[in-house]
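# missing the sequence, but the structure's below:
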């Protein structure tokens with residue numbers, strides 16, 4: 001019953017911290033991208049991965065905020081390897097540019113953490129004419145993962161270590177419409 005705070009088979013529970021769960025893990029030689037890395041779970045994931053020696057690329061909508069977070073982490077962990085790159089997941093052009101720039105950098109990619117998301121936003125369409133929450137939380141990450149997949153596969157072949165793609169979500173999936181996803185009404189403001 002991990003969700004009640006009881007420890008599961010791993011020895012961890014819902015109250016375990018990222019530092020506790022990663023204790024003893026050496027991430028040197030690994031590179032990770034974390035989307036939505038300026039706050040919440042993304043920030044803590046970035047901090048703890050950096051603490052464990054992982055080279056972290058913060059994929060953020062606001063580079064200024066990302067740079068401030070990077071500087072804060074570097075004060076705590078001076079040896080951290082952190083880069084900040086712009087990524088606006090609601091814009092497919094931004095996703096394509098981020099992926100192109102990342103691939104052009106020839107960095108390896110061991111871990112992709114699709115964390116960024118928005119929730120309960122007022123109805124708005126993205127520049128691609130897609131409802132903002134659907135574009136950001138689903139399509140942007142789907143496109144990003146697909147564009148970076150070959151880089152991840154290449155990294156696995158070269159370093160002989162399995163890669164990981166981690167997709168975070170909320171509990172909102174427990175509250176669907178009775179008839180399921182309304183694909184025909186994704187951009188319908190009245191829904």
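Cool, the structure landed. What you are looking at is a predicted structure, and each value in this text was computed from that prediction instead of being measured.
# going forward, measure contacts between C-alpha atoms and count neighbours the same way
Noted.
# List the buried residues of the top helix by length along the chain.
Longest helix in the chain by number of residues (criterion: DSSP state H): helix 140-159. Within helix 140-159, the residues scored as buried using 16 or more other CA atoms under 10 Å are 140-145, 147-148, 151-152, 155-156.
# continuing past that helix, what's the next helix or strand?
On the C-terminal side of helix 140-159, the closest following helix or strand by DSSP states H and E is strand 164-167.
# Identify the residues contacting that following strand?
The contact list for strand 164-167 (CA atoms under 8 Å, 6 or more residues apart in numbering) reads 110-115.
# Strand partners (parallel or antiparallel) of that strand?
strand 111-114 (parallel) (DSSP bridges).
# Identify the residues contacting the partner strand?
With CA under 8 Å, 6+ apart as the criterion, strand 111-114 contacts 30-36, 141, 145, 152, 163-168.
# change it to 10 Å
30-37, 42, 45-46, 54, 56-57, 59, 137-138, 140-142, 144-145, 148-149, 152, 162-169 (CA atoms under 10 Å, 6 or more residues apart in numbering).
# any low-confidence regions in this structure?
In the prediction, the chain carries residues with pLDDT under 70 at positions 1-5, 173, 191.
# Which residue ranges of it form helices?
With DSSP H as the criterion, the chain has helices spanning 18-22, 40-51, 63-76, 92-105, 132-134, 140-159.
# hang on, the earlier thing: mind giving me a markdown table with the contacts of strand 164-167 and columns for distance to residue 190?
Putting the contacts of strand 164-167 into a markdown table (distance: CA to CA, whole Å) gives the following:
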| residue | distance to residue 190 |
| --- | --- |
| 110 | 42 |
| 111 | 39 |
| 112 | 35 |
| 113 | 33 |
| 114 | 29 |
| 115 | 28 |
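# filter these to the buried ones?
110-115.
# now residue 151, nearest residue through space, not along the chain?
residue 109 (6.4 Å; CA to CA, 6 or more residues apart in numbering).
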